[in-house]
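> sequence plus the predicted model coming up.
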Amino acid sequence: MTDPHLSGLSGSIVHDEIIPARAPWAHHVKQGETLRIVDLEGNQAVDFLIYSAADDSERYSAQDTVAAQGNLFLREGTVLLSNEGRPLMTITGSAVEYHDTIGGACSCESNTLRYGHHTKSQHACVENFLEANLWEGRGKRDIVSNINFFMNVPVEADGALGIVDGISAPGLTVDLRAEMDVIVVVSNCPQINNPCNAFNPTPVRMIVVA
Ligand SMILES: [Zn+2]
């Protein structure tokens, strides 16, 4: 039986792992390899950071990426740039029309501000990013503005941001080719107070092909 999640991928699989709902994840992806993220059950935000493996002080820059392409949304063809203006990864395929890089990562602080003090004990993306970064000695100061794959953050006519129902669906994918050796750090978003995960965090699958 063929695996529908591998459709269109060429090369040999060097890594294949499911990130449980609400969990952190980190993985080294070598230059030329492609990482596919599969939104297994649909409408699951995948909060995403990238660091250069050779020097992790070089890392993803939302500002440089948005400025270079003259557009707020990440789409097929978007080159994800570092704070030194160099390509880290390229979005080589996307079954979802666009992805967010301005909505940020949820935190205990933003949750209590937006949704009330009763959410203070809830797990959030910032804790996931911190945990995954600590495996390699990076700390809070290394967490920068991130990408939210599969998350729908439209910009309204008056400039306001929305966090609305996702535009993803079960089995949809995004493919990223590494342009240098990179470290990918992920928070499989645990948010349950807004529709970014359809109020129900679910697992995602990470496939790397060489
Ligand atoms: Zn989150």
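Happy to help now that I have it. Numbers count the residues shown, from 1 in each chain.
> CA atoms for contacts and neighbours, from now on please.
Noted.
> please determine whether stretch 88-103 lies in contact with the ion.
No - if you take C-alpha under 5 Å from the ion as the test, stretch 88-103 misses the ion, and the best it gets is 9.7 Å.
> how far out from the middle of the chain is that stretch?
9 Å (C-alpha atoms, centre = their mean, to the nearest Å).
> quick one: buried residues of that stretch?
88-96, 98-103 (16 or more other C-alpha atoms under 10 Å).
> tell me which residue lies nearest the centroid of the protein.
Closest residue to the average C-alpha location of the chain: Phe48 at 2.9 Å, with C-alpha atoms, centre = their mean.
> surely that one touches Ser187?
Yes - taking C-alpha atoms under 8 Å as the definition, Phe48 is a contact partner of Ser187 at 6.6 Å.
> next, count neighbours for Glu84.
Around Glu84 there are 12 other residues, counting by other C-alpha atoms under 10 Å.
> look up how far Pro195 lies from it.
34 Å (C-alpha to C-alpha, to the nearest Å).
> with Ile163 instead?
In terms of C-alpha to C-alpha, Ile163 sits 7 Å off from Pro195.
> cool, Ile183 as well?
The value you get for Ile183 to Pro195, if C-alpha to C-alpha is used, is 29 Å.
> next: Trp25.
Taken as C-alpha to C-alpha, the span from Trp25 to Pro195 is 22 Å.
> and what of Ile167?
11 Å.
> now do Asn71
Where Pro195 is concerned, Asn71 sits at a distance of 24 Å (C-alpha to C-alpha).
> per-residue pLDDT, the closest residue to Tyr115 other than its chain neighbours?
For Tyr115, ignoring the flanking residues on the chain, the nearest one in space by C-alpha to C-alpha, 6 or more residues apart in numbering is Asn193 at 7.0 Å. For Asn193, the model assigns a pLDDT of 89.
> do Ala198 as well
83.
> quick one: contacts for it?
Asn43, Gln44, Asp165, Gly166, Ile192 (C-alpha atoms under 8 Å, 6 or more residues apart in numbering).
> ok, now Glu84?
Glu84 touches Glu58, counting by C-alpha under 8 Å, 6+ apart.
> tell me the secondary structure at it.
coil (DSSP: H, G, I helix; E, B strand; the rest coil).
> got it, and Arg114?
Going by three-state DSSP: Arg114 is helix.
> how many residues are close by it?
11.
> ok, now how distant is it from Leu40?
28 Å.
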